Each structure stands twice: as structure tokens, then as C-alpha cells.
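K.L.:
Output the structure for:
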Amino acid sequence: MATILKGAPVVAAMNEANAARCAALAAKGITPTLAVVRVGEREDDLSYERGVMTRCGKVGVAVRQFLLPADATQDALLEVIEKINADKSIHGCLLFRPLPRQFDDRTIRAALAPEKDIDGITDGSLAGVFTNTALGYPPCTAQACLEILKYYTIPLSGKRAVVVGRSLVVGKPAAMMLDRENATVTICNSRTQNLPALCKEADVVVVAMGKRGFIGADCLREGQTVVDVGIHVGDDGKLCGDVRFAEAEPVVEAITPVPGGVGTVTTSVLVGHVVEAAEKTLL
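P.N.:
Presented below is the predicted three-dimensional model:
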């Protein structure tokens, strides 16, 4: 039976740390402030927004909402981003994507200042991840994987890690962050030959394919730690991940659940980025 790497204890520890950091900033007259930019009213955006606002409120981060209708023009959104970039009282910006079709995503992302990009969507932030510099912030879901591994003291230095998935949202940045911890990292994708054999060589397997049940027991062995980033609705209506949990849990040493794993930690990572951005104003 595997150890279940639940996100809730990680979140509790991060909330405590973020609250203490916010209190220290408040003593110096600074309130960490997040700008939430939303175009339209997609239900998944609204749900995540509610979660972000609740988490921010618990630790002392202020939230300012910038809401645009679904038919807003690109110029209107660029104007909002320009205001956020120029406002020194705003330390970070969460821009909900995907945007409606009338927007050019690359243009919008490029307009946001990397130092306020607390969700890792700009090229500047990604450059910071790949060059291990403090420009911008890593994508929150990718960092959430590392936060879980660190909280549960999963050894990474000198270990073999396989990341299944190569997106810029999770796969590639997670691989770079694992490399930073001195793991030896292999990035796999849907066309990788002998995927089960490669996965079995790893001590840590991070699965971020975005395909329901993509990884099963044939790709896993005893002694491994598995981080499942995926979240889907199964045929039974229940949430499930990229890993077939019922097959994996009896085999591996440790595994994150879905739900209740990586996704629960992501919001706390975002809040931590806002706090860090506010702290940088003191430097």
C-alpha cells in the first residue's frame, strides 16, 4: 500500500508561512496585492477565482479584480495590463486563460511585466525557470509538484526522474526544477518509444500528459514516487488523474491523489509568489 501524498498538509504549512510573511510586510506598511484579470465568466475561471480569493484572505493578501466582458477588445485588455504594470501597489497579476478567440494570446502574455507574472505565463518567467534566475516566477502547477516532494522529504538529488508530458505549463518547467534539485531528468511524451521501460527506471515519475488514465501499472514498479498532475471527470462522474490510481497505488511507494493532491497546492504557490513579489519591493 502506497503512502498517499495529500496536498492538505502542504497547504497548511504554506498558509502558515505566507501569513507570517504577510504580517512582517504589514509591519513595514506593505500589503501584498494580487490583481485578478478575467474576461468573461467561464465557470472554471469563476471557481478558481473564488478559491484564490479565499486563500489570499486567509493569509493577508489583498485582491483587486479587473473584470471585462467576454466581447471585450484586445486593446481594452492591453490597457488593463498596462495599468497593472504601472501600479506599484499591485505586486502580482493572475490572468485567466484561455482567452476568447478575439485575443492574440502571445501578444497579451508579452504585455505583462515578468516581475508581476506570478503564474509563470510570460516568456520572461519561463526564461527565468530555464536559466535558474529570479526573473518572473515558475508556473504554479509545476512548482506545486516540487512543493509536495519537498514537504514529504522525497529524495531528489542523484535520483532518476521521468516527466511524462512536455507542456510549458507543467512538463518542461517541472523537469527544469527537478534538474535544479540535482535529479537526472528524462522528458517523455505520447510518442516516446518504450515508455513503460523508461518510467520503470525512474525513482520519481511526474505525470502531466493531460490524458485520463494514461499511466498504469505496466509503467510502474515498487519503490517509486508518483506525482499525478492530471484532473479529469471519469465515466463514473468522479474526478481522476492521468494515472490509473487503483493500479498504481498497490505497486508504488508513494503517490499523490486526485483530487486532493497537486491541484490543492497550486493556489498556495500562487499566493506565495504574490508575497515574494511584495518582499522584493524592499530590496
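
K.L.:
Map the structural domains onto the sequence of the protein.
P.N.:
28-114, 140-263 (automatic domain parsing).

K.L.:
and the residue most central in space within the chain, what helix or strand is that in?
P.N.:
Compute the mean C-alpha point of the chain, and by Cα atoms, centre = their mean the closest residue is T141, 1.5 Å away. Using DSSP states H and E, T141 maps to helix 140-151.

K.L.:
what sits up against that helix?
P.N.:
Here helix 140-151 makes contact (Cβ atoms under 8 Å, 6 or more residues apart in numbering) with 5, 7, 9-10, 13-14, 118-120, 129, 137, 156, 169-171, 173-174, 177-178, 181, 204, 206, 208, 225, 227, 229, 256, 261-263, 265-270, 273. No exception for glycine: its C-beta is placed from N, CA and C like everyone else's.

K.L.:
If we use 7 Å, what do you get?
P.N.:
The contact list for helix 140-151, computed with Cβ atoms under 7 Å, 6 or more residues apart in numbering, reads 5, 7, 9-10, 13, 119-120, 156, 169-170, 173-174, 177, 204, 206, 227, 229, 256, 262, 265-266, 269-270.

K.L.:
Direction-wise, compare the helix or strand that that helix is followed by with helix 140-151 and give the angle.
P.N.:
Per DSSP H and E, the first helix or strand lying C-terminal to helix 140-151 is strand 160-164. Interaxial angle of strand 160-164 relative to helix 140-151 (axes from the mean of the first three to the mean of the last three Cα atoms, to 10 degrees): 150 degrees.

K.L.:
now for strand 160-164, which elements pack on it?
P.N.:
helix 171-180, strand 184-188, helix 195-201, strand 204-207 (3 or more Cβ pairs under 7 Å, 6 or more residues apart in numbering; DSSP states H and E).

K.L.:
just to confirm, which helix or strand has the closest residue to A17 other than its chain neighbours in it?
P.N.:
Distances taken as Cβ to Cβ, 6 or more residues apart in numbering place G272 nearest to A17, at 7.7 Å, with adjacent residues excluded. In the assignment (DSSP H and E), G272 maps to helix 262-280.

K.L.:
what about the helix holding T141, average pLDDT?
P.N.:
Averaging pLDDT along helix 140-151 gives 98.

K.L.:
Show me which residues of that helix are buried.
P.N.:
C140, T141, A142, Q143, A144, C145, L146, E147, I148, L149, Y151 (16 or more other Cβ atoms under 10 Å).
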